[in-house]
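Participant: quick check, what structure comes out for this input:
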Amino acid sequence: MLKFLQPASPIERLPKDKIDPVYKKYRLQVFIGIFIGYAAYYLLRKNFSIAMPYLTEQGFSKTELGFALSAVSLSYGISKFVMGTVSDRSNARVFLPLGLILSAFVSLLMGCFPLFTSSVAIMFVMLFILGWFQGMGWPPSGRVLVHWFSVSERGSKTAIWNVAHNVGGGLMAPIAVTGATLFSTIVASNAGFEGVFIFPALIAIVVAIISYFLIRDTPQSVGLPPIEEYRNDYPTKTRETFEKELTTKEILFKYVLNNKWVWAIAFANIFVYFVRYGVLDWAPMYLSEEKGFDMDKSSIAYFLYEWAGIPGTLLCGWISDKVFKGRRGPAGFVFILGVLVAVLVYWFNPAGKPIIDMACLIAIGFLIYGPVMLIGLQALDFVPKKAAGTAAGLTGLFGYLGGTVTANALMGVLVDAAGWNAGFILLTISCVLAAVVFAFTWNVRGQEIVKN
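Facilitator: As a prediction, this is how the structure comes out:
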């Protein structure tokens with residue numbers, strides 16, 4: 001491990017009268033750091049999509065650009081797992097901003113040098129590298145959450161942090177388009193698509209620097225006690241806090257790969273991500289072909305789906321903490337059943353009733369992001385704090401490779417071959433299977449299953 005990436009060492013504990021005010025200050029500070037930092041990752045993850053219309057004018061086909069774009073999801077899914085194992089043995093204060101700056105560097109190369117957008121092969125390689133660096137965002141955020149927030153409050157706090165997905169994703173398009181407009185004005189170009197890569201990258205670098213100054217790796221690194229001791233909220237009856245740093249071998253083979261609960265939610269993530277992207281990515285085409293929507297209405301529906309996830313995520317986290325006392329399974333089960341009902345209504349609603357279709361997409365967006373968040377949270381719950389990044393990375397690997405890629409490829413093949421009904425049957429089955437896995441974890445709370 002490079003020295004500058006090593007976990008921050010504990011320092012002498014602060015006087016007792018200073019612990020409470022300093023703890024409160026740092027908890028807010030580190031939370032803001034990982035929130036804005038992770039939101040900024042989204043400014044760079046999908047900006048290539050905004051550049052695609054400009055690139056088609058350069059002679060690239062939709063098939064070629066779609067192939068290049070697939071590199072991001074492919075490498076991100078793998079990187080989230082690999083970088084998760086690295087982040088568990090790294091300083092989150094350095095790791096998260098480093099990944100953001102490296103992502104920005106790739107984006108700057110694509111915007112500043114025509115060579116890097118000159119062929120499909122080169123764009124695929126660049127986007128694969130980008131996706132790899134993007135995998136450095138979630139794991140250190142998870143590390144910060146488990147070290148600074150205890151089990152009984154972690155659902156609500158993780159839900160609030162998870163909104164960074166929607167905030168970053170929502171801001172990406174206007175920032176990228178602004179970049180294109182500014183660049184075309186500055187260089188007197190009719191295209192200006194280079195600004196789609198350059199402007200978000202510059203903002204991301206600024207945010208990375210701010211995040212570095214806000215984030216702290218662990219409470220002990222600033223003279224504070226472990227969060228369990230501070231809040232008197234221990235995950236086990238033996239009052240263990242699992243502060244020992246672990247080797248990669250211990251993380252993988254003792255706590256993650258032989259953990260049936262981690263494998264269960266990893267498989268659940270396949271089904272949840274399949275529904276999330278199976279509905280979202282195909283909504284414009286389905287609404288256009290089957291429901292008679294024009295592109296304006298379809299884009300509004302797409303927007304509502306994404307932003308409805310914000311209150312849904314917050315509510316789901318609160319319910320898992322307050323109603324089910326730290327048990328994530330029941331909340332996930334209830335929300336995914338709601339998704340199933342909304343998908344069925346969306347499917348069987350006849351053309352000519354756009355308000356119902358809109359309401360269904362809002363409902364699906366509101367409900368699906370809760371289970372998305374809960375699976376990441378369960379990954380943190382089911383392992384010691386020092387293995388959190390690896391567990392979250394494994395679930396992400398399954399979600400992106402098994403869920404997202406399948407939602408794009410398999411849904412397309414199935415709908416072409418057998419029509420939209422076949423696609424909706426697959427979405428329905430995925431909802432049911434996800435509900436079954438959440439039910440399997442019904443009685444599991446926090447870190448009660450973790451053993452030394």
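Participant: how close does the nearest residue to Tyr400 once chain neighbours are set aside sit to Ala51?
Facilitator: Using C-beta to C-beta, 6 or more residues apart in numbering and skipping residues adjacent in sequence, the residue nearest Tyr400 is Gly77, 3.1 Å away. (Each C-beta comes from the backbone N, C-alpha and C, glycine too.) Applying C-beta to C-beta, to the nearest Å, the value for Gly77 to Ala51 is 22 Å.
Participant: which residues touch the residue nearest to Tyr400?
Facilitator: Gly77 is in contact with 396-397, 399-401, 404-405, counting by C-beta atoms under 8 Å, 6 or more residues apart in numbering.
Participant: list the buried ones in the helix or strand hosting Gly111?
Facilitator: According to DSSP states H and E, Gly111 maps onto helix 92-112. Residues of helix 92-112 classed as buried: 92-111 (neighbour count, 16 or more other C-beta atoms under 10 Å).
Participant: also stretch 282-295?
Facilitator: Across stretch 282-295, burial judged by 16+ other C-beta under 10 Å covers 282-284, 286-287, 291, 293.
Participant: got the domain boundaries for the protein?
Facilitator: Per the record, the chain has its domains at 13-224, 249-440, by automatic domain parsing.
Participant: quick revisit: a markdown table for the contacts of Gly77, including distance to Val339 and pLDDT?
Facilitator: Formatted as a markdown table, the contacts of Gly77 follow (distance: C-beta to C-beta, whole Å; pLDDT from 0 to 100):
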| residue | distance to Val339 | pLDDT |
| --- | --- | --- |
| Gly396 | 20 | 85 |
| Leu397 | 23 | 87 |
| Gly399 | 15 | 88 |
| Tyr400 | 19 | 82 |
| Leu401 | 21 | 83 |
| Thr404 | 17 | 76 |
| Val405 | 20 | 74 |
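Participant: so which of the residues you listed are in helices?
Facilitator: Among the contacts of Gly77, DSSP state H puts 396-397, 405 in helices.
Participant: show me how to select, in PyMOL, the buried members of these.
Facilitator: Under the burial definition 16+ other C-beta under 10 Å, those of these that qualify are selected in PyMOL by:
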select buried, resi 396+397+405
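Participant: so which of the ones in helices among the contacts of Gly77 is the closest to Ala435?
Facilitator: Gly396 (20.7 Å; C-beta to C-beta).
Participant: from the contact counts, what lies against the strand or helix carrying Ile355?
Facilitator: Using DSSP H and E, Ile355 sits within helix 354-381. Counting contacts by 3 or more C-beta pairs under 8 Å, 6 or more residues apart in numbering; DSSP states H and E, helix 354-381 packs against helix 138-148, helix 151-186, helix 260-280, helix 295-318, helix 328-348, helix 388-397, helix 420-440.
Participant: nearest to Val222, out of those helices?
Facilitator: Closest to Val222 of these is helix 138-148 (C-beta to C-beta; 10.5 Å).
Participant: OK, contacts around the residue nearest to the spatial centre of the chain?
Facilitator: Central residue of the chain (C-alpha atoms, centre = their mean): His165, 6.0 Å from the mean position. Taking C-beta under 8 Å, 6+ apart, we find His165 in contact with 38-39, 42, 309, 369.
Participant: for Ile34, same thing?
Facilitator: 92, 96, 140-141, 144-145, 161, 164, 211, 215.
Participant: please name the residues that touch the residue nearest to Lys46 when sequence neighbours are not counted.
Facilitator: Sequence neighbours aside, Met172 is the residue nearest to Lys46 in space, at 5.6 Å (criterion: C-beta to C-beta, 6+ apart). Taking C-beta under 8 Å, 6+ apart, we find Met172 in contact with 42-43, 45-47, 50, 200.
Participant: also Cys360?
Facilitator: Taking C-beta under 8 Å, 6+ apart, we find Cys360 in contact with 342-343, 345-346, 349.
Participant: need the residues that contact stretch 178-196.
Facilitator: Residues from elsewhere that reach stretch 178-196 (C-beta under 8 Å, 6+ apart): 47-48, 50-51, 54-55, 57, 111-112, 176-177, 197-200.
Participant: now the ones in helices among the contacts of Gly77 in CSV, with distance to Ala417?
Facilitator: As requested, the ones in helices among the contacts of Gly77 are arranged in CSV below (distance: C-beta to C-beta, whole Å):
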residue, distance to Ala417
Gly396, 30
Leu397, 28
Val405, 18
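Participant: of the ones in helices among the contacts of Gly77, which is the nearest to Met123?
Facilitator: Distances from Met123 to the ones in helices among the contacts of Gly77, taken by C-beta to C-beta, are shortest for Val405, at 18.2 Å.
Participant: do I have it right that that closest one meets Ser70?
Facilitator: Yes: with contact defined as C-beta atoms under 8 Å, Val405 counts as touching Ser70 (7.5 Å).
Participant: contacting residues around stretch 10-21?
Facilitator: Residues from elsewhere that reach stretch 10-21 (C-beta under 8 Å, 6+ apart): 22, 218, 220-225, 230.
Participant: which one of these is nearest Leu377?
Facilitator: Here the nearest of these to Leu377, counting by C-beta to C-beta, is Thr218; it sits at 19.2 Å.
Participant: tell me what the closest residue to Lys325 other than its chain neighbours is bridged to.
Facilitator: Nearest in space to Lys325, with sequence neighbours left out and distances taken as C-beta to C-beta, 6+ apart, is Arg445 at 6.6 Å. Note on Arg445: beta-bridge partners Arg327, judged by DSSP bridges.
Participant: please report how far Arg445 lies from Asp233.
Facilitator: 12 Å.
Participant: repeat for Phe199
Facilitator: For Phe199, the distance to Asp233 equals 43 Å [C-beta to C-beta].
Participant: between the two, who's got more neighbours?
Facilitator: More crowded of Phe199 and Asp233, by other C-beta atoms under 10 Å: Phe199, with 23 against 16.
Participant: tell me the contacts of that one?
Facilitator: Phe199 sits in contact with 175-176, 178-180, 182-183, where contact means C-beta under 8 Å, 6+ apart.
Participant: pLDDT and distance to Ser119 added to the residues you listed, as TSV?
Facilitator: Formatted as TSV, those follow (pLDDT from 0 to 100; distance: C-beta to C-beta, whole Å):
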residue	pLDDT	distance to Ser119
Ile175	85	27
Ala176	82	22
Thr178	84	28
Gly179	86	23
Ala180	82	21
Leu182	86	27
Phe183	82	22
